[in-house]
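here is my input; please provide its structure:
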Amino acid sequence: MKKLVVYGTADGKFPEEYMEPEIFSTDNCDGMQIYDNQRGGIAVLQRSDNPCPMPWRMYLGGCSMVFFRTYQEVKDFCEKRGYRLKQRRVKR
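Reported below is the predicted structural model:
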C-alpha cells in the first residue's frame, strides 16, 4: 500500500494538516511523535516493533537517522538540539 507523505512545501511552511505520526509507521516500526525546531526543521520519532538494542530512531529533516536505546535519550537529544514536541501519536 502506498501512502502520501508530505515532507515540505515550496514555500517552506510546515504542512500541519497532513502531518500525523501514524503516516510514518511501517511494517517494522510505529511513527510515535513529530518534533520541530525554531529553524523550521522537522524530526519524526519511530519505535521498532521488534526487540532490539536500539528500538527508538529519529529521522531529522528527512535525510539523517539517529538511533537511541531509551526514550530518555530521545528527550535529552531533543532538548540539547532545540526540538520541541509538535504532535503525539493518538492511541485509537
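
quick one: low-confidence parts of this protein?
1-23, 62, 89-92 (pLDDT under 70).

so which residues of it form helices?
71-81 (DSSP state H).

all strands of it, in order?
29-36, 42-48, 56-60, 64-68, 84-88 (DSSP state E).

which ones are touching Asp27?
Under the criterion of CB atoms under 8 Å, 6 or more residues apart in numbering, Asp27 has no neighbours. For glycine as for every other residue, the C-beta is placed from the backbone atoms N, C-alpha and C.

meant to ask about Leu45
Pro21, Gly31, Met32, Gln33, Ile34, Tyr35, Trp56, Arg57, Met58, Val74.

for these, give me TSV that also has neighbour count.
Output for these, formatted as TSV (neighbours: other CB atoms under 10 Å):
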residue	neighbour count
Pro21	19
Gly31	21
Met32	20
Gln33	21
Ile34	23
Tyr35	21
Trp56	21
Arg57	16
Met58	20
Val74	23
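
backbone dihedrals for Gly41, both of them.
Main-chain dihedrals, Gly41, degrees, to the nearest 10: phi -70, psi 150.

my read is that it contacts Leu60, right?
Yes - at 7.0 Å, Gly41 counts as touching Leu60 under the criterion of CB atoms under 8 Å.

hang on, the earlier thing: nearest to Phe67, of the contacts of Leu45?
Arg57 (5.0 Å; CB to CB).

beta-bridge partners for the closest one, please?
With DSSP bridges as the criterion, Arg57 is bridged to Gln46, Phe67.
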